[in-house]
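here is my input, please return the structure:
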Amino acid sequence: MLAGGSAHGGAMTDSDWKERWHDVERFRLMAHETTDPVAAALLRDIVLDLEADLNELVDVEAQGLPWLGAAA
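Below you'll find the model as predicted:
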């Protein structure tokens, strides 16, 4: 699911990181606010996926790799 660094293929900028964390927080808030249990469960799954992608990007950038590429 992870596509790699920023849209231009390099390391993520501060703006890229902020945008990704904003997405996580937005979906987390939607999951908290929804009254539909199925929708809340799906939104929580989205949050988990986004957080996993971010954690993977942190690991990749910590290793000094320019980008991971598409994961199967």
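
please identify the residue most distant from the middle of the protein.
Distance from the C-alpha centroid of the chain, by CA atoms, centre = their mean, peaks at residue 35 (24.0 Å).

now stretch 46-66: average pLDDT?
Averaging pLDDT along stretch 46-66 gives 83.

chain center to it: distance?
Averaging C-alpha positions (CA atoms, centre = their mean, to the nearest Å) puts stretch 46-66 7 Å from its chain's average.

hang on, the earlier thing: local confidence estimate at the residue farthest from the centre of the chain?
95.

other SSEs contacting the longest helix anywhere in the chain?
Secondary structure of the chain per DSSP state H: the longest helix is helix 37-62. With contacts defined as 3 or more CB pairs under 8 Å, 6 or more residues apart in numbering; DSSP states H and E, the packing partners of helix 37-62 are helix 14-33. To be clear about C-beta, it is placed using only N, CA and C from the backbone, and glycine gets the same treatment.

orientation of the helix it packs on relative to helix 37-62 in degrees?
160 degrees (axes from the mean of the first three to the mean of the last three CA atoms, to 10 degrees).

just the CA trace of helix 14-33, in PDB.
Extracted in PDB, the C-alpha atoms of helix 14-33 (Å, rounded to 0.1, in the frame of the first residue of the first chain):
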ATOM      1  CA  ASP A  14       8.000  18.600   6.600                       C
ATOM      2  CA  SER A  15       4.900  19.500   4.600                       C
ATOM      3  CA  ASP A  16       4.500  15.900   3.400                       C
ATOM      4  CA  TRP A  17       4.700  14.600   7.000                       C
ATOM      5  CA  LYS A  18       2.200  17.100   8.300                       C
ATOM      6  CA  GLU A  19      -0.200  16.200   5.500                       C
ATOM      7  CA  ARG A  20       0.100  12.500   6.300                       C
ATOM      8  CA  TRP A  21      -0.400  13.100  10.000                       C
ATOM      9  CA  HIS A  22      -3.300  15.400   9.300                       C
ATOM     10  CA  ASP A  23      -4.900  12.500   7.300                       C
ATOM     11  CA  VAL A  24      -4.500  10.200  10.200                       C
ATOM     12  CA  GLU A  25      -6.000  12.600  12.600                       C
ATOM     13  CA  ARG A  26      -8.900  13.400  10.300                       C
ATOM     14  CA  PHE A  27      -9.900   9.700   9.900                       C
ATOM     15  CA  ARG A  28      -9.400   9.200  13.700                       C
ATOM     16  CA  LEU A  29     -11.800  12.000  14.400                       C
ATOM     17  CA  MET A  30     -14.400  10.700  11.900                       C
ATOM     18  CA  ALA A  31     -14.200   7.300  13.500                       C
ATOM     19  CA  HIS A  32     -14.800   8.800  16.900                       C
ATOM     20  CA  GLU A  33     -17.700  11.000  15.800                       C
END
